[in-house]
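> here are the coordinates; sequence isn't available:
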């Protein structure tokens, strides 16, 4: 991997970070060209804009032998790493405070200003002396991206109590795109399992991709879902907004805000 002096000579100021999976990455500051990548209508529609952005803003990584972050590598990132990079890049280039306006559907509509600290959503994953705050800790925040329990691994193998053995890949950009493209008639409680490319072992070296779960009992399904929940946690990057008059609460996705990458003020 290149040293920081060479990277900064090529890209200007950079920042080296550890992702929730334990990968080392170096990001550069965003430029106006990144704005075009993130706002390109075609790329936003087909879901490739974030992969293009990550492959552009990450100038070095230990994931590949040559240290390059390609679009394919970005697409294969576990979701915890993908969204960590997006938030870390936003903080590094624009700032930690996200100011935005939310329109409550009152009559007439009520626009309210809010502000969120993006630093709440990530952690210093490379600092082993700084344990990740659990519930009850003063720094606990339920929407903070946790370190991935299986680090850099991409798949998990599980032997069910019934003696069947399955394996699944941890949620990545392919899984996310697969779920986003599902039509309403294909969305179900098991969609997130299918999106992970879940497979059943027939013999030692023979695995078959599962297309449906008719060969699994309710107990087996419960065990599979619990394992995915425990071993491949997906943190929703949302904040809760409170109506200033009624006290009504809504969940708001911070990354989806137009002010996340294109703030009207900082």
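Received the coordinates, thanks. Just so we're clear, the structure is a prediction, and the values are computed from it rather than from any experiment.

> shaky segments in the stretch 101-250 of the chain?
Within the stretch 101-250 of the chain, no stretch has pLDDT under 70.

> where exactly do the strands run in it?
110-117, 155-159, 165-169, 199-203, 206-209, 238-242, 249-253 (DSSP state E, counting those that start in this stretch).

> looking at these, which one is packed in the most?
Mean neighbours per residue, mean count of other CB atoms under 10 Å, is largest over these for strand 165-169, with a mean of 19. Yep, even glycine has a C-beta here, placed from its N, CA and C like the rest.

> report the inter-axis angle for the helix or strand where residue 89 lies versus strand 110-117.
Take DSSP states H and E as the rule and residue 89 turns out to sit in helix 79-93. Using axes from the mean of the first three to the mean of the last three CA atoms, to 10 degrees, the direction of helix 79-93 lies 90 degrees away from that of strand 110-117.

> show residues contacting helix 79-93.
15, 17, 19-21, 23, 25, 27, 29-30, 50, 53-54, 57-58, 74, 77, 98, 118-119, 121-122, 125, 145-146, 148, 171-173, 175-176, 233-235, 237, 255, 260-261 (CB atoms under 8 Å, 6 or more residues apart in numbering).

> now, of those, which are buried?
17, 19-21, 23, 25, 27, 30, 50, 53-54, 57-58, 74, 77, 98, 118, 121-122, 125, 145, 148, 171-173, 175-176, 233-235, 237, 255, 260-261 (16 or more other CB atoms under 10 Å).

> from those, which land in helices?
Secondary structure from DSSP state H places 50, 53-54, 57, 74, 173, 175-176, 260-261 of these in helices.

> which of the residues you listed sit farthest apart?
By the measure CB to CB, 175 and 261 form the most distant pair in these, at 23.2 Å.

> and for stretch 185-196, what's in contact with it?
Counting by CB under 8 Å, 6+ apart, 168-171, 175-176, 178-179, 182, 210-211, 213, 221, 224-225, 228, 232 sit against stretch 185-196.

> go with 10 Å
Contacts of stretch 185-196 with the rest of the structure, by CB atoms under 10 Å, 6 or more residues apart in numbering, involve 155-156, 166-172, 174-182, 198, 209-213, 216, 221, 224-225, 228-229, 232, 234.
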